[in-house]
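# prediction below, plus the sequence it came from.
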Amino acid sequence: MIRENFMHPYRTHTCGALRPSDAGTEARLSGWVFRKRDHGGVLFIDLRDHYGITQVIIHPEKSFFEECQRWRPESVVTVTGRVMQRTPETVNTDLPTGAIELVVDDVKVQSAAETLPLHLAGDEEGPEETRLRYRFLDLRRERLQRNIALRSKVISSMRRRMTAKGFNEFQTPILTSSSPEGARDYLVPSRIHPGKFYALPQAPQLFKQLLMVSGFDRYFQIAPCFRDEDARADRSPGEFYQLDIEMSFVTQDEIFATVEDVMHGIFTEFSNKTIDALPFQRIPYRESMLKYGSDKPDLRIPIEISDVSDVFADSDFNAFRSVVGKGGVVRAIPVKGIANRPRSFFDKMVAFAQSVGSKGLAYLVWEEAGIKGPIAKFLKPESIAAIAGRTGAGNGDAVFFVSDMPGPASKIAGEVRVQLGRELDMIDPNVFRFCWIVDFPMYEYDEELGAVTFSHNPFSMPQGGMEALETKDPLDILAYQYDIVCNGCELSSGAIRNHLPEVMYKAFAIAGYPPETVDEKFGGLMRAFRLGAPPHGGIAPGVDRIVMLLANESNIREVIAFPMNQKAQDLMMNAPCTVTEKQLRELHIRLNLPKQAEAKES
RNA sequence: GGGGGCGUAGCUCAAUUGGUUAGAGUUCCGGACUGUCGAUCCGGUGGUUGCGGGUUCGAGCCCCGUCGCUCCCGCCA
């Protein structure tokens, strides 16, 4: 009956392959027992593999019938039988294979499963800790199979697109040296050099720049990056991947054009959402901070903040007037068509503003009968007219006001803007809104240190070059430093690099680093720049975040096959873990644990 | 390092706001059942209410501490 000799030992088809056109043929399938429906007289099993689900049927006269009844979910089995077209009333339109079923003549258990800690057939996800500890089980779910497969396809597409543009793919060292700037490093002790450490790269930043100095012209890498920083929902602890890019002899606009093309292509290829037409809009940093209260604005929210400090500077509203008098500002957040919202809505917004650090949240409401709101009585008609003129507010609209020093005021106004967008359901879930944030300041004033520090990448070229560094107030100098942002999510930072040693020394001097320090910390790079370095620049979009946006996931763990938990532990592999005394001895390391940890060890 | 949320059966949750023996669905185990597709029906197992202390005649519920998970702030050149 079954021509064993001619059949593959495990399968002739995948579980997503069979169709009515296969009816009447013999087929062999292997997969996981997903669901069983046992009618006593007939047993239905949904057999699942990566490609799909096929219903297999076992009849009671078969010698193996009772054995199959005992199969536990997630056991791996091979079944062989005849493909049958289902009768019209038994077709399952939810499955691609739903028009056929496999009537089984032979079975073989490849791997019997014990009772599961998670059940995969239902909608319930189960506790996060169990999901992570049994990640290989969780990964069997359709959603994660889809996400991880999407990630694979996105990365392939990135490679294809970059290669097509003439970029070469490189590998750079994983064991490298600790960098003084930036995040905390992951350190790896050296056995051969007692007391010395490698560091895992926070990014291949210096290597890719050196490859430009080497003349490779166009670099890319799907680069693993390691940073010992705490996790967020959109930030995996420890490690993540970047589509790392660097180009020689380019202007900022050429980098934008290259990256826009890749990003637009990827997002078009893997999503049905509407994507902004090219070129993506460019927003100077200061404008973004004013209009959106953020350097990663969610442009899906149709609200633009404006400054109305001058209107309140001579108003009767003391709270705001005094803040403006002390160098503060007043920011207006206009919202269309919410005048008829109940008082509780406005109260809720006030409470929200306070929860993010605001002293309060004032507002005006443009009603038929006139201007309402707690601060209306303090404002002269011409002031209200000025606010209406600047914010576009009219009948039926409302404007919220935040007053504070410029930094906090921007931030709070930005938070209120996003909260309004969420609360009022203004965020269109079917669009990807991209923008470039450009003209980041080169330096910022660090209140804590009481000194000028680099606000972003110290290797960025200052706009205006040496002349700007020598003549301008450092806080007014802009850098060729940019971010690409999608739906309020920062996908990447990038910059035109500073490849001129003299400009580099000057730039670091302003941030308080003497030339010796620059040479000591970045000797390799500085040496390279004295031996013929091309002007160059680049960017490094976050792969995990891109996949997360495309997969419509709000937590980055859902697009990483083996993620760590929030405390940077791998619950499945039990990392980090203790090591033997012998290992420590070889590395010349003696532990000096805090008291609490010592207690835990024993 | 700090703040918020959560923690009750393997899982998802309930327990009339401090009151009798902590329930339901699901999983699991057993039984019945020849067309289901989250099969159905019957029965059963399953609990140190995260842990420790306190208040109280009485604590799943209140208080203190602690542990775990999660979200956020700090941090992320």
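Noted; the coordinates are in hand. Residues are numbered from 1 along each chain as shown, chains lettered A, B, ... in the order given.
# ok, A:Pro494 touching A:Ile255?
Wrong residue type there; residue A:494 is Gly, not Pro. Yes - between A:Gly494 and A:Ile255 there is a contact at 6.6 Å, judged by C-beta atoms under 8 Å. Any C-beta I mention is one placed from the backbone N, CA and C, and that applies to glycine too.
# what touches both of those two?
Counting by C-beta atoms under 8 Å, 6 or more residues apart in numbering, the contacts common to A:Gly494 and A:Ile255 are A:Ile245, A:Gly537, A:Gly538, A:Ile539.
# for the closest residue to the second one other than its chain neighbours, phi and psi?
So the one you mean is A:Gly537. Spatial nearest neighbour of A:Gly537, excluding adjacent residues (C-beta to C-beta, 6 or more residues apart in numbering): A:Ile496 at 3.7 Å. Per-residue torsions, A:Ile496: phi -80, psi 130 (degrees, to the nearest 10).
# can you tell me how far A:Ile496 is from A:Gly538?
The gap separating A:Ile496 from A:Gly538 is 9 Å, by C-beta to C-beta, to the nearest Å.
# confirm A:Asp244 sits in a strand?
Yes - the assignment for A:Asp244 (DSSP: H, G, I helix; E, B strand; the rest coil) places it in a strand.
# tell me the SS of A:Pro302?
The three-state label given to A:Pro302 by three-state DSSP is coil.
# what stretches of chain A score poorly on pLDDT?
Chain A contains residues with pLDDT under 70 at A:1-5, A:180-181, A:595-602.
# now do 50
Residue ranges of chain A with pLDDT under 50: A:1, A:598-602.
# for A:Ala183, which non-adjacent residue is spatially closest?
A:Arg227 (3.9 Å).
# tell me what that neighbour is bridged to.
For A:Arg227, the beta-bridge partners under DSSP bridges are A:Gly238.
# isn't it right next to A:Ser179, touching?
No - using C-beta under 8 Å, A:Arg227 makes no contact with A:Ser179, being 10.7 Å away.
# which residues are common contacts for those two?
If you check A:Arg227 and A:Ser179 against C-beta under 8 Å, 6+ apart, the residues they both contact are A:Asp185, A:Gln202.
# please identify which of those two sits among more neighbours.
Each of A:Arg227 and A:Ser179 has its neighbours counted (other C-beta atoms under 10 Å); A:Arg227 has more, 20 against 16.
# contact partners for the more buried one?
A:Gly182, A:Ala183, A:Arg184, A:Asp185, A:Tyr186, A:Gln202, A:Gly238, A:Glu239, A:Phe240.
# in strands, which of those appear?
A:Gly238, A:Glu239, A:Phe240 (DSSP state E).
# could I get the contacting residues of the second one?
Okay, so that is A:Glu239. Taking C-beta under 8 Å, 6+ apart, one finds A:Pro224, A:Cys225, A:Phe226, A:Arg227 in contact with A:Glu239.
# let's see it at 10 Å
Going by C-beta atoms under 10 Å, 6 or more residues apart in numbering, A:Glu239 touches A:Tyr186, A:Leu200, A:Pro224, A:Cys225, A:Phe226, A:Arg227, A:Asp228, A:Asp544, A:Ile560, A:Pro563, A:Met564, A:Ala568.
# okay, now the first one: neighbour count?
One way to gauge burial is a neighbour count; for A:Tyr186, by other C-beta under 10 Å, it gives 18.
# so it touches A:Ala575, yeah?
No - between A:Tyr186 and A:Ala575 there is no contact, the gap being 12.0 Å when judged by C-beta atoms under 10 Å.
# okay, and the common contacts of these two?
Contacts common to A:Tyr186 and A:Ala575, judged by C-beta under 10 Å, 6+ apart, are A:Gly238, A:Ala568.
# how about the helix or strand harbouring A:Val518 and RNA strand B, any contact?
Assessed by DSSP states H and E, A:Val518 sits inside helix A:515-529. No - if you take C-beta under 7 Å from any atom of the strand as the test, helix A:515-529 misses RNA strand B, and the best it gets is 10.0 Å.
# show me what that helix is packed up against.
Contacts defined by 3 or more C-beta pairs under 10 Å, 6 or more residues apart in numbering; DSSP states H and E place helix A:515-529 against helix A:205-213, helix A:501-510.
# between it and helix A:501-510, what angle do the directions make?
Here helix A:515-529 runs at an angle of 150 degrees relative to helix A:501-510 (axes from the mean of the first three to the mean of the last three C-alpha atoms, to 10 degrees).
# which residues of the stretch 401-550 of chain A fall in strands?
A:431-432, A:434-438, A:443-446, A:451-454, A:481-486, A:489-496, A:536-539 (DSSP state E, counting those that start in this stretch).
# contacts only, for the closest residue to A:Pro406 other than its chain neighbours.
The shortest distance from A:Pro406 to any non-neighbouring residue, by C-beta to C-beta, 6+ apart, is to A:Val329 (5.2 Å). Residues near A:Val329 by C-beta under 10 Å, 6+ apart: A:290, A:307-310, A:312-313, A:320, A:323, A:402-410, A:413.
# let's see that with 7 Å instead.
A:Val329 makes contact with A:Asp307, A:Ser309, A:Ser403, A:Pro406, A:Ala409, according to C-beta atoms under 7 Å, 6 or more residues apart in numbering.
# and for A:Ala23?
A:Ala23 makes contacts with A:Val83, A:Met84, A:Gln85, A:Ile100, as judged by C-beta under 7 Å, 6+ apart.
# got a ChimeraX select line for the buried ones in those residues?
In ChimeraX, this line selects whichever of those come out buried by 16 or more other C-beta atoms under 10 Å:
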select /A:83,84,100
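# now, which of the contacts of A:Ala23 sits nearest A:Phe270?
Nearest to A:Phe270, judged by C-beta to C-beta, of the contacts of A:Ala23 is A:Ile100 at 30.3 Å.
# the closest one and A:Arg28, how far apart?
For A:Ile100 relative to A:Arg28 (C-beta to C-beta), the value is 14 Å.
# beta-bridge partners for the closest residue to A:Ser177 other than its chain neighbours, please?
Spatial nearest neighbour of A:Ser177, excluding adjacent residues (C-beta to C-beta, 6+ apart): A:Ala199 at 5.9 Å. When assigned by DSSP bridges, A:Ala199 has beta-bridge partners A:Thr176, A:Leu187.
# which residues of the stretch 451-600 of chain A lie near RNA strand B?
Near RNA strand B, when you scan the stretch 451-600 of chain A using C-beta under 7 Å from any atom of the strand, you find A:454, A:456-458, A:493, A:555, A:557, A:565-567, A:569, A:571, A:596.
# can you flag the buried ones in these?
For those, buried by 16+ other C-beta under 10 Å: A:Phe454, A:His456, A:Asn457, A:Pro458, A:Ser493, A:Arg557, A:Asn565, A:Gln569, A:Leu571.
# excluding residues flanking it in the chain, which one is nearest the fifth one?
Counting by C-beta to C-beta, 6+ apart, the nearest residue to A:Ser493 once its immediate chain neighbours are dropped is A:Asp483, at 5.1 Å.
# that neighbour reaches A:Glu490, doesn't it?
Yes - counting by C-beta atoms under 7 Å, A:Glu490 is a contact partner of A:Asp483 at 5.6 Å.
# which residues do the two both contact?
A:Lys296.
# more neighbours, the two?
Higher neighbour count among A:Asp483 and A:Glu490: A:Asp483, with 22 against 17, using other C-beta under 10 Å.
# any idea how far the more buried one lies from A:Ile53?
43 Å.
# next: A:Pro284.
In terms of C-beta to C-beta, A:Pro284 sits 52 Å off from A:Ile53.
# who has more neighbours, these two?
More neighbours surround A:Ile53 than the other of A:Pro284 and A:Ile53, with 22 against 14 (other C-beta under 10 Å).
# SS state for the more buried one?
strand.
# pull the contacting residues for it.
A:Cys15, A:Phe34, A:Asp46, A:Leu47, A:Leu95, A:Thr97.
# I'd say the third one and A:Trp32 touch.
No - counting by C-beta under 7 Å, A:Asp46 sits too far from A:Trp32 to count as a contact (9.4 Å).
# pretty sure A:Arg133 is touching A:Asp570, no?
No - look at A:Arg133 against A:Asp570 with C-beta under 7 Å: they stay out of range, at 9.6 Å.
# quick one on the thing from earlier: highest neighbour count among the shared contacts of A:Gly494 and A:Ile255?
Among the shared contacts of A:Gly494 and A:Ile255, A:Gly537 has the most neighbours (other C-beta under 10 Å), with 28 neighbours.
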